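1. What follows is a protein structure lacking sequence information:
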């Protein structure tokens, strides 16, 4: 059960205390994409989220995006994030460790220096924990999602989705 228990639970990426993570030795953030940074299949950041990522980069935090989706490399979002120095690792197959390893390698950090921030226990939290990352669970941005994710949500509810909500 410990593999399914996030270290932190907050409403959104904007509620994460990034300064507290930094004090814990976290120097890199790996974000899930869909329903964490943007709505499912929209692949577009709102201004507030774009500003958050820019601010974190300006303060020296390494950032990567890790998604199970296949986003074409020529997509506007991938190019926009690339301009910020934020790599996008697609087709990650979370919770398998290989995608997490690719993201960590792109950032050049060890697992103990990184945090995974995402909206699913069975992909983001489980994969992050198995990979040795600090994990933060956020609420999904919207109700639209894939069939597999809907199955995962059903399992999450059975497991007690709102584990350890932190202020």
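-> Perfect, thanks for sending it. Predicted model only: the values in this text are computed from it and were never measured.
2. For burial, what's the neighbour tally of the nearest residue to residue 64 once chain neighbours are set aside?
-> Distances taken as Cβ to Cβ, 6 or more residues apart in numbering place residue 103 nearest to residue 64, at 4.3 Å, with adjacent residues excluded. Any C-beta I mention is one placed from the backbone N, CA and C, and that applies to glycine too. Neighbourhood size, residue 103 [other Cβ atoms under 10 Å]: 26.
3. got it, and residue 50?
-> Counted with other Cβ under 10 Å, the neighbours of residue 50 add up to 15.
4. I'd assumed it was in a helix, is it?
-> Yes: counting by DSSP: H, G, I helix; E, B strand; the rest coil, residue 50 is located in a helix.
5. confidence score at it?
-> pLDDT for residue 50: 96.
6. Check residue 15 too.
-> 97.
7. Let me see the contact set for it.
-> Contacts for residue 15 (Cβ atoms under 8 Å, 6 or more residues apart in numbering) come out as residue 138.
8. do the same with residue 118
-> Residue 118 is in contact with 31-32, 36, 124-125, 128, 135-138, counting by Cβ under 8 Å, 6+ apart.
9. switch the cut-off to 6 Å
-> Contact analysis of residue 118 by Cβ atoms under 6 Å, 6 or more residues apart in numbering lists 32, 36, 124.
10. So the residue nearest to residue 64: helix, strand or coil?
-> Going by three-state DSSP: residue 103 is helix.
11. in terms of contact, does it touch residue 62 like I think?
-> No: here residue 103 does not reach residue 62: they are 9.9 Å apart, not a contact under Cβ atoms under 6 Å.
12. show me where this protein has helices.
-> Assigned by DSSP state H, the chain shows helices spanning 18-23, 47-58, 76-83, 97-107, 126-130, 147-159.
13. for the ones you listed, which one sits closest to residue 68?
-> helix 97-107 (7.9 Å; Cβ to Cβ).
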